[in-house]
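Visitor: model this:
(chains A, B, C and D)
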There are 2 protein chains.
Amino acid sequence: MARTQGSHSDITGPRIREAALRLFARHGFAAVSMRQIASEVGVQAGALYNYIPDKQALLASLLRGHMDDLLAAWQAEATTGDTTEKLERFVRFHIRYNLERPDAIFISYMELRNLTPENFAQIEALRKTYESTLEGILRDGHEAGRFDVPDPAVTTYALIAMLTGVNTWYRSAGRLTVDEVCDIYWTMTRRMIAASSEA
Amino acid sequence: MARTQGSHSDITGPRIREAALRLFARHGFAAVSMRQIASEVGVQAGALYNYIPDKQALLASLLRGHMDDLLAAWQAEATTGDTTEKLERFVRFHIRYNLERPDAIFISYMELRNLTPENFAQIEALRKTYESTLEGILRDGHEAGRFDVPDPAVTTYALIAMLTGVNTWYRSAGRLTVDEVCDIYWTMTRRMIAASSEA
DNA sequence: GTCTATACGGGGATAGAC
DNA sequence: GTCTATCCCCGTATAGAC
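Guide: Below is the predicted model of the structure:
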């Protein structure tokens, strides 16, 4: 039997974060009320403040958590292989990772403006770190003569935008599998940076 | 001498739209109050309702106006030239047009979820129309043997995302002119669809 | 066409009982 | 740790005077 009152500190915290992530992604940070979040979790609004200082800190914590997870996941993949293999791994990793966490990705791009300047700077730095790994790969490949990348910074922006864009249109019920999508984007990427072979 | 009261119907309407566009882009639709918009325009909140039925209709009208302008502007450019020239023109047109209207572009991507289903369907149809012109160019070029585009639909998504992404990073005070940016993106586009020459 | 005033609901956040 | 109750502010939208 579920208790309607009492201590649930171990599960309520995560549930608040899950509910907030989903609601912020669906309706936008400003449009979601603390009462809505509480209602999803099954507690009263006041109880939320046992877990978070305020609404803004909740958003910042979600975004920071997402960026930390993303960087850790990429670090776990990025170890071996030559430059071309690293680039291919980045392309496939980015598409897959984003498709698996649409809510977190959506919020990360849409709700940055609702952060305080301090929180914004922190999240931006993490994002910059992630994007720099791609830029590093492009520069390495260019210097090694494997790629032709006249402007690594711009190419990084272009690639990130292109890859992240998959989230706006891909549906698992559609005509393409995730693997097929990754193949297509890897082909486009390879051509964009003029990698030597199309094998 | 400015009147503090009286009739200004000819200028208040446009000023409401300009203020709303700017504020929605800056803070998000849900976070902006009618009182804020009125204050920017220099009227009381109640006076806004002489021009718009409600807040939601104001947003829909801004988005519809933007899409109408976009389609008209592209129609005015799209008349002549072979397929490769048309594609190059699309790339440069899209980047320039977006950079000149950052607020409208931002809102068009961020605030779609705040539209009623009817308004959303309308705006989406206009956006689809615009993107279809690009897909048409890619299909034409592929069939004519000028491009190699295995999946025109996905390539369209990829190109639109890549080009629209310029707005997130470009600053006129930065190291690149708009022309240089267009050149870089056109090179990347040409390679992506494997257009015959790189001249 | 704009004003003032206001209706009415809902927002974030806190206090104190249990 | 959660509840109920509440504070205080602000939201959209309307009514009626000028």
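Visitor: the domain parsing of chain A - what is it?
Guide: A:1-52, A:59-192 (automatic domain parsing).
Visitor: of these, which approaches residue B:110 most closely?
Guide: Closest approach to residue B:110 among the domains of chain A is made by domain A:59-192 (6.0 Å; Cβ to Cβ). Any C-beta I mention is one placed from the backbone N, CA and C, and that applies to glycine too.
Visitor: tell me how far that closest one is from the chain's mean position?
Guide: Here the centre of domain A:59-192 is set off from its chain's centre by 8 Å, with Cα atoms, centre = their mean, to the nearest Å.
Visitor: and it, anywhere near DNA strand D?
Guide: No: Domain A:59-192 stays clear of DNA strand D (Cβ under 7 Å from any atom of the strand), getting no nearer than 14.7 Å.
Visitor: pick the most deeply packed of the domains of chain A.
Guide: When you average the neighbours per residue for each of these (mean count of other Cβ atoms under 10 Å in any protein chain shown), domain A:59-192 leads with a mean of 17.
Visitor: measure that domain end to end?
Guide: Length of domain A:59-192, first residue to last, Cα to Cα, to the nearest Å: 36 Å.
Visitor: try stretch A:104-118
Guide: End to end - Cα to Cα - stretch A:104-118 spans 20 Å.
Visitor: check stretch A:23-33 too.
Guide: 9 Å.
Visitor: is that stretch anywhere near chain B?
Guide: Yes: Stretch A:23-33 comes into contact with chain B (Cβ under 8 Å from any Cβ of the partner chain), by way of A:26, A:27, A:28, A:29, A:30, A:31.
Visitor: thought the third one was touching residue B:30?
Guide: So the one you mean is residue A:28. Yes: counting by Cβ atoms under 8 Å, residue A:28 touches residue B:30, with 5.4 Å between them.
Visitor: give me the helices and strands touching the longest helix along chain A, please.
Guide: In chain A, assigned by DSSP state H, the helix with the most residues is helix A:117-143. Judged by 3 or more Cβ pairs under 8 Å, 6 or more residues apart in numbering or on different chains; DSSP states H and E, the packing partners of helix A:117-143 are helix A:55-77, helix A:83-100, helix A:152-164.
Visitor: any idea of the angle that helix forms with helix A:152-164?
Guide: Counting by axes from the mean of the first three to the mean of the last three Cα atoms, to 10 degrees, helix A:117-143 points 110 degrees away from the direction of helix A:152-164.
Visitor: can you state the direction angle for helix A:117-143 and helix A:83-100?
Guide: Using the same axes, to 10 degrees: helix A:117-143 against helix A:83-100 is 150 degrees.
Visitor: ok, helix A:117-143 near DNA strand C or not?
Guide: No: where contact is defined by Cβ under 7 Å from any atom of the strand, no part of helix A:117-143 touches DNA strand C; the two come within 13.3 Å at best.
Visitor: got any ranges where chain A has weak pLDDT?
Guide: For chain A, the stretches with pLDDT under 70 are A:1-7, A:9, A:196-199.
Visitor: among the helices and strands packed on helix A:117-143, which is nearest chain B?
Guide: Proximity to chain B (Cβ to the nearest Cβ) singles out helix A:152-164 among the helices and strands packed on helix A:117-143, at 2.8 Å.
Visitor: do the closest one and chain B meet at all?
Guide: Yes: contact between helix A:152-164 and chain B, assessed by Cβ under 8 Å from any Cβ, occurs at A:154, A:155, A:157, A:158, A:159, A:160, A:161, A:162, A:164.
Visitor: which helices and strands does whichever helix or strand comes after that helix pack with?
Guide: Tracing the chain past helix A:152-164, the next element assigned as helix or strand by DSSP states H and E is helix A:166-169. Applying 3+ Cβ pairs under 8 Å, 6+ apart, we find helix A:166-169 packed against helix A:83-100, helix A:102-110, helix B:152-164.
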